[in-house]
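Participant: Fold the following, please.
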Amino acid sequence: MSDFLAGLRERAGRLRRRIALPETGDTRVLEAAVALATGGLARPVLVGPEAVVRERLAALGDPAGVDVLDGPDGADGIGHAAGLVQDGVVDGCVAGAVQSTPAVLRAYLREIGPAEGLRTVSSAFYMRLADPGMPEGERVLTFTDAGVVPDPDEGELVAIARAAADARRAIVGDAPRVAFLSYSTLGSADGPSARRVREAARRFAVEAPDIASDGELQADAALVPEIARRKAPHSPVAGSANVLVFPDLDAANIAYKLVQRLAGATALGPILQGLAAPANDLSRGATAEDIVHVACITSLLR
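Facilitator: Numbering: from 1, shown residues only. Below you'll find the model as predicted:
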């Protein structure tokens with residue numbers, strides 16, 4: 001297991017948060033609950049029709065440390081679990097293995113709502129790639145927003161970047177280095193999208209001067225030191241960015257899936273940003289291990 005994933009588990013295990021898992025009709029969710037409990041990573045709380053859930057747990061050996069709270073099934077179960085987060089009964093919620101992102105997000109917004117002072121709820125994927133050139137042998141990049149906001153305006157791009165930087169500190173534990181991505185690098189090309197990203201980068205630098213940032217940058221300039229030296233030699237983040245702010249949902253979602261499938265990256269998320277309490281989404285293709293890791297991330301966001 002990579003240092004990043006092992007670190008997630010270790011830090012989550014120290015906290016032992018109560019994490020609600022409402023999609024109890026899916027075997028992956030039950031297996032994740034068992035893994036969280038037996039691994040000492042969290043205190044999983046399965047939310048669903050109690051008699052049915054307990055019967056399904058019994059088929060898995062009825063492991064100790066898995067709690068069951070009676071509640072509705074399906075999308076209503078997600079809303080019920082989100083209400084438990086809002087009421088402080090549990091510390092966080094993870095759903096989306098069965099229901100779509102829009103359904104999950106609607107339930108979270110209805111029961112939890114956005115954090116105070118934020119108007120944009122967004123998401124990020126944490127992309128873990130093997131990289132022999134890095135001291136840890138791996139690189140972890142934040143791709144945002146890859147799941148929620150289809151066509152962000154300048155203000156939304158700023159909010160997305162700020163939320164992603166804050167979440168990265170909690171999840172990865174390093175200093176965020178934010179690159180606003182475009183097909184242009186610092187004015188090398190022009191067009192409505194490049195101008196929008198450029199202005200968002202300017203506003204972000206003013207509003208968050210404590211966070212290293214730059215833009216607009218092409219992806220290679222943001223990530224590859226040799227190219228950064230040619231294209232953006234005076235940039236504070238070019239060549240070493242770790243938070244990649246994409247111009248729109250199309251670009252971010254396509255990029256994360258290409259990197260996941262062609263480069264063999266581990267993709268964790270979509271991790272939601274900007275809610276008033278920790279609640280996260282899953283890809284419907286998530287494995288039980290993916291659910292475990294997102295539950296660990298949710299524990300760190302409390």
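
Participant: Could you report the distance from residue 113 to residue 70?
Facilitator: 25 Å (C-beta to C-beta, to the nearest Å). All C-beta atoms are positioned from the backbone trio N, CA, C, and that covers glycine.

Participant: Compare these two (neighbour count), which wins?
Facilitator: residue 113 (16 against 13; other C-beta atoms under 10 Å).

Participant: Could you verify my assumption that that one touches residue 274?
Facilitator: No. If you go by C-beta atoms under 8 Å, residue 113 and residue 274 don't touch, sitting 9.9 Å apart.

Participant: which SS state does the residue nearest to the spatial centre of the chain fall under?
Facilitator: Geometric centre of the chain, nearest residue: residue 271, 2.1 Å, by C-alpha atoms, centre = their mean. The assignment at residue 271 comes out as strand when based on DSSP: H, G, I helix; E, B strand; the rest coil.

Participant: do the same with residue 129
Facilitator: Applying three-state DSSP: residue 129 is strand.

Participant: Could you count how many residues lie near it?
Facilitator: For residue 129, using other C-beta under 10 Å, the count is 17.

Participant: doesn't residue 112 make contact with residue 279?
Facilitator: Yes. Judged on C-beta under 8 Å, residue 279 makes contact with residue 112 at a distance of 5.8 Å.

Participant: Give the residues shared as contacts by the two.
Facilitator: 82, 85 (C-beta atoms under 8 Å, 6 or more residues apart in numbering).

Participant: Comparing the two, which residue is more hemmed in?
Facilitator: residue 279 (28 against 21).

Participant: separation between the more buried one and residue 39?
Facilitator: 22 Å.

Participant: just residue 76 next, same as before
Facilitator: 30 Å.

Participant: Residue 164 too?
Facilitator: Residue 164 sits 28 Å away from residue 39, going by C-beta to C-beta.

Participant: These two - which one has more neighbours?
Facilitator: Per other C-beta under 10 Å, whichever of residue 164 and residue 39 has more neighbours is residue 164, with 25 against 14.

Participant: wait, what's in contact with that one?
Facilitator: By C-beta under 8 Å, 6+ apart, the residues touching residue 164 are 122, 124, 142, 144, 145, 176, 178, 243, 245, 273.

Participant: cool, residue 104 as well?
Facilitator: Contacts of residue 104 by C-beta under 8 Å, 6+ apart are 78, 95, 96, 281.

Participant: The first one - that's part of a strand, no?
Facilitator: No. With three-state DSSP as the criterion, residue 78 is assigned helix and is not in a strand.

Participant: so it makes contact with residue 107?
Facilitator: Yes. Contact criterion C-beta under 8 Å: residue 78 and residue 107 qualify, at 4.3 Å.
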